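[1] sequence unknown, structure follows:
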């Protein structure tokens, strides 16, 4: 197994670790960061999520740079990404940090685009990630980290940056989904 695939598998194994840290009733105390009190377990969960998110970028970069693209990687990498992000959003809904209707839209978009990818593969086409999808992924991961750490104020400002980022990722989630379907609408022409 090559390094990019090992990173993908590592990301999958980090998901249950993230879940345990995010939801188990550990009492490791609290830490104060920039005047905001934060549970240590939530901070560790956010760090685990951040590391897993970095492996998302790193495995693709290494695979392309070293020409290590494999069928396993093509399958497992996007699956690992969706598993990580959807798990985190579901945890955040359970904690009351993210609105369920927003997460429902995000999950539905992910499932719809995955279905579209399957249809395209069946027709011999591959749908590469476009810039709106990459921005969507980045904003989702940043939003999740900010929501996990309870919106630590930036530069002394007490803005709801976590919620602003959540709505930003919602916008890019919808936009990228519409973009993928608009660019691939011909796949449905025989069934309409």
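    Yep, it's here. These numbers come from a predicted model, not from an experiment.

[2] any idea what sits nearest the residue nearest the centre of the chain, other than its immediate chain neighbours?
    By C-alpha atoms, centre = their mean, the chain has its centre lying nearest to residue 85, at 3.3 Å. Nearest residue to residue 85 in three dimensions, chain neighbours excluded: residue 140, at 5.4 Å (C-beta to C-beta, 6 or more residues apart in numbering). No exception for glycine: its C-beta is placed from N, CA and C like everyone else's.

[3] What of residue 50?
    Per C-beta to C-beta, 6+ apart, closest to residue 50 is residue 145, 5.6 Å.

[4] quick check: mean pLDDT across the helix or strand encompassing the one you found?
    Using DSSP states H and E, residue 145 sits within helix 131-148. Rounded to a whole number, the mean pLDDT of helix 131-148 is 93.

[5] tell me which residues in it are buried?
    132-133, 135-137, 139-148 (16 or more other C-beta atoms under 10 Å).

[6] What is the burial count for residue 115?
    Number of residues near residue 115 (other C-beta atoms under 10 Å) recorded here: 10.

[7] Kindly report the same for residue 114.
    Count around residue 114 with other C-beta under 10 Å applied: 12.

[8] Report the contact partners of it.
    For residue 114, the contact set (C-beta atoms under 8 Å, 6 or more residues apart in numbering) comprises 78, 82.

[9] can you confirm it is in a helix?
    Yes: the assignment for residue 114 (DSSP: H, G, I helix; E, B strand; the rest coil) places it in a helix.

[10] Ramachandran coordinates for the residue nearest to the centre of the chain?
    Here the main-chain torsion angles of residue 85 (degrees, to the nearest 10) amount to phi -70, psi -50.

[11] Can you show me the strands along the protein?
    Using DSSP state E, the strands found in the chain span residues 30-33, 36-39.

[12] Tally up the residues packed near residue 3, please.
    Using other C-beta under 10 Å, residue 3 is surrounded by 13 other residues.

[13] what does residue 125 give?
    Residue 125 has 13 nearby residues by other C-beta under 10 Å.

[14] least trustworthy helix or strand in this structure by mean pLDDT?
    Using mean pLDDT, DSSP states H and E, the weakest-scoring helix or strand in the chain turns out to be strand 36-39, at a mean of 70.
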